[in-house]
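Peer 1: sequence unavailable; structure follows:
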């Protein structure tokens with residue numbers, strides 16, 4: 001007994017000083033789904049059923065007045081005329097690997113009434129920072145339009161929903177959002193942009209703990225050693241590093257219905273080629289619009305299983321999907337529109353890897369539509385057998401992409417507009 005307690009004490013002492021050590025030796029490391037192809041099948045069944053319902057109603061009603069869009073996430077909650085009083089229904093609407101993210105379901109509602117961020121150690125009640133650090137589940141809402149200019153990383157605790165529906169909410173500044181060693185977070189309908197490095201300061205992460213933070217990268221959303229995360233209907237752009245990064249064994253993630261624009265390195269999935277725990281990373285990327293002025297990493301993957309389904313890629317400057325470290329890329333029913341540059345038509349890029357090393361990687365394209373000369377370089381000997389289950393439900397044709405992604409980004413007025421951004425940052 002003494003020996004076991006001794007080692008546990010040493011582990012926690014080390015992890016308090018070295019976060020990387022904690023990720024490497026995390027005793028409760030996030031567990032991936034045992035059969036990712038089953039999750040892929042379930043996504044396709046859900047999309048197919050949602051589109052079929054919409055088409056059936058159109059025929060029966062002989063018009064297109066139905067609120068159903070065929071997008072299974074939106075159709076799950078938007079058709080409720082009283083959704084504003086039934087907000088937590090949203091937690092039942094996720095699909096893919098992040099479908100188990102509860103967020104603040106079952107918890108109390110918290111209204112953000114104060115947009116200030118003056119004290120990262122002792123935040124004031126009513127502020128966003130005060131809400132996200134609490135220990136209990138919370139469903140966080142905004143009674144009015146708001147711009148939150150962060151001074152430091154906004155470090156979440158588990159079981160939180162950030163619900164910006166009904167308001168025009170912008171998060172900008174230092175950090176921005178950090179999800180580190182936590183679970184069950186939903187971020188919905190938020191503008192996240194102009195995020196810059198911060199740190200070299202104390203920041204509170206829970207009611208009982210604050211600690212010194214070194215300089216952050218300036219990601220829009222940083223997911224670090226976390227699981228059961230769902231990011232939906234956000235608009236992200238203009239950050240210093242990545243718009244969304246998921247590393248250090250993070251898994252159980254769905255990134256859906258978002259609008260990405262004006263950025264270089266859009267999305268990083270995986271810490272490094274040598275970090276083996278990222279082999280269990282599982283991410284669904286669905287119904288997003290990768291819009292104007294994007295360069296690369298939509299996403300850039302290291303290890304893991306990445307399902308890219310029914311997204312609209314509106315040009316890129318270098319490539320759309322890249323990877324190293326032998327990730328599995330399952331691309332289904334997307335529309336890839338290549339740039340005019342004849343040297344950048346390829347959707348895929350094996351980063352810093354010789355062809356002899358990646359020829360057996362499992363990268364497949366099924367039902368994708370290639371526009372303006374775009375092409376996807378598939379790989380993987382014997383992959384047809386491995387993907388047979390995944391393809392047993394035909395992915396919906398990419399001709400329906402406009403229908404599935406037409407409401408991507410923040411909903412309501414200003415959902416995709418970027419003319420407000422510079423004004424917000426400069427004021």
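Peer 2: Nice, thanks for sending it over. Computed from a predicted model, the values in this text were never measured in an experiment.
Peer 1: gap between the residue lying closest to residue 316 once chain neighbours are set aside and residue 270?
Peer 2: Once flanking residues are discounted, residue 316 sits nearest to residue 294: 5.6 Å by Cβ to Cβ, 6 or more residues apart in numbering. The way it works is simple: take the backbone N, C-alpha and C, and place the C-beta from them, glycine included. Distance from residue 294 to residue 270, counting by Cβ to Cβ, to the nearest Å: 19 Å.
Peer 1: more crowded one of the two?
Peer 2: residue 270 (28 against 25; other Cβ atoms under 10 Å).
Peer 1: quick one: contacts for that one?
Peer 2: With contact set as Cβ atoms under 8 Å, 6 or more residues apart in numbering, residue 270 has these partners: 246-247, 278, 281, 301-304, 325, 327.
Peer 1: 7 Å - rerun?
Peer 2: Counting by Cβ atoms under 7 Å, 6 or more residues apart in numbering, residue 270 makes contact with 247, 278, 281, 301-304, 325.
Peer 1: need the phi and psi values for it.
Peer 2: Per-residue torsions, residue 270: phi 120, psi 140 (degrees, to the nearest 10).
Peer 1: how about the contacts made by the residue nearest to residue 316?
Peer 2: Neighbour list for residue 294: 260-261, 263, 266, 316 [criterion: Cβ under 7 Å, 6+ apart].
Peer 1: try residue 245
Peer 2: Contact partners of residue 245, counting by Cβ under 7 Å, 6+ apart, are 219, 222-223, 268.
Peer 1: so where is the stretch 251-400 of the chain shaky, pLDDT-wise?
Peer 2: Applying pLDDT under 70 to the stretch 251-400 of the chain picks out residues 381-399.
Peer 1: count the residues that sit near the residue nearest to residue 409 when sequence neighbours are not counted.
Peer 2: The shortest distance from residue 409 to any non-neighbouring residue, by Cβ to Cβ, 6+ apart, is to residue 259 (2.9 Å). Counted with other Cβ under 10 Å, residues neighbouring residue 259 total 23.
Peer 1: these two touch, right, residue 259 and residue 290?
Peer 2: No: Residue 259 is not in contact with residue 290 according to Cβ atoms under 7 Å; the separation is 8.4 Å.
Peer 1: phi first, then psi, for residue 351.
Peer 2: phi -80, psi 120.
Peer 1: that older thread, distance check, the residue nearest to residue 409 against residue 176.
Peer 2: Per Cβ to Cβ, residue 259 is found 17 Å from residue 176.
Peer 1: please, where are all the helices along the stretch 251-400 of the chain?
Peer 2: 355-358, 383-386 (DSSP state H, counting those that start in this stretch).
Peer 1: for stretch 189-206, which positions count as buried?
Peer 2: Neighbour counts using 16 or more other Cβ atoms under 10 Å place 189-196, 198-199, 201, 203-205 of stretch 189-206 among the buried residues.
Peer 1: got those as JSON lines, with secondary structure columns?
Peer 2: Formatted as JSON lines, the buried residues of stretch 189-206 follow (DSSP: H, G, I helix; E, B strand; the rest coil):
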{"residue": "189", "secondary structure": "coil"}
{"residue": "190", "secondary structure": "coil"}
{"residue": "191", "secondary structure": "strand"}
{"residue": "192", "secondary structure": "strand"}
{"residue": "193", "secondary structure": "strand"}
{"residue": "194", "secondary structure": "strand"}
{"residue": "195", "secondary structure": "strand"}
{"residue": "196", "secondary structure": "strand"}
{"residue": "198", "secondary structure": "coil"}
{"residue": "199", "secondary structure": "coil"}
{"residue": "201", "secondary structure": "strand"}
{"residue": "203", "secondary structure": "strand"}
{"residue": "204", "secondary structure": "strand"}
{"residue": "205", "secondary structure": "strand"}
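Peer 1: so which of those is the closest to residue 332?
Peer 2: Nearest to residue 332, judged by Cβ to Cβ, of the buried residues of stretch 189-206 is residue 189 at 25.9 Å.
Peer 1: now do the contacts for the residue lying closest to residue 142 once chain neighbours are set aside.
Peer 2: Excluding the flanking residues, the one nearest residue 142 by Cβ to Cβ, 6+ apart is residue 167, at 4.1 Å. For residue 167, the contacting residues are 142, 144-146, by Cβ under 7 Å, 6+ apart.
Peer 1: what's the burial count for residue 72?
Peer 2: By other Cβ under 10 Å, 24 other residues sit near residue 72.
Peer 1: so what's the residue count around the nearest residue to residue 106 once chain neighbours are set aside?
Peer 2: Distances taken as Cβ to Cβ, 6+ apart put residue 137 closest to residue 106, at 5.8 Å, once the chain neighbours are dropped. When neighbours are counted by other Cβ under 10 Å, residue 137 registers 19.
Peer 1: is it true that residue 137 touches residue 109?
Peer 2: No: at 10.7 Å, residue 137 and residue 109 do not qualify as touching, with contact defined as Cβ under 7 Å.
Peer 1: distance between the one helix or strand residue 130 maps to and the chain's centre?
Peer 2: According to DSSP states H and E, residue 130 maps onto helix 128-132. Chain-centre distance of helix 128-132: 20 Å, with Cα atoms, centre = their mean, to the nearest Å.
Peer 1: residue 277 and residue 249 touch, don't they?
Peer 2: Yes: in terms of Cβ under 7 Å, residue 277 counts as a neighbour of residue 249; the distance is 4.0 Å.
Peer 1: pick out whichever of the two has more residues nearby.
Peer 2: Per other Cβ under 10 Å, whichever of residue 277 and residue 249 has more neighbours is residue 249, with 27 against 22.
Peer 1: tell me the secondary structure for that one?
Peer 2: Per three-state DSSP, residue 249 ends up coil.
Peer 1: what are the phi and psi values at it?
Peer 2: phi 80, psi 10.
Peer 1: quick check: it touching residue 282?
Peer 2: No: counting by Cβ under 7 Å, residue 249 sits too far from residue 282 to count as a contact (11.2 Å).
Peer 1: who touches both of the two?
Peer 2: Listed contacts common to residue 249 and residue 282 are nil; contacts here mean Cβ under 7 Å, 6+ apart.
Peer 1: where does the prediction get shaky in the stretch 101-250 of the chain?
Peer 2: For the stretch 101-250 of the chain (pLDDT under 70), the answer is none.
Peer 1: got the contact list for residue 347?
Peer 2: Contacts of residue 347 by Cβ under 7 Å, 6+ apart are 319-321, 336, 374-376.
Peer 1: nearest to residue 354, of those residues?
Peer 2: Using Cβ to Cβ, the contacts of residue 347 come closest to residue 354 at residue 319, 17.1 Å.
Peer 1: phi, psi for that closest one please.
Peer 2: Main-chain dihedrals, residue 319, degrees, to the nearest 10: phi -160, psi 170.
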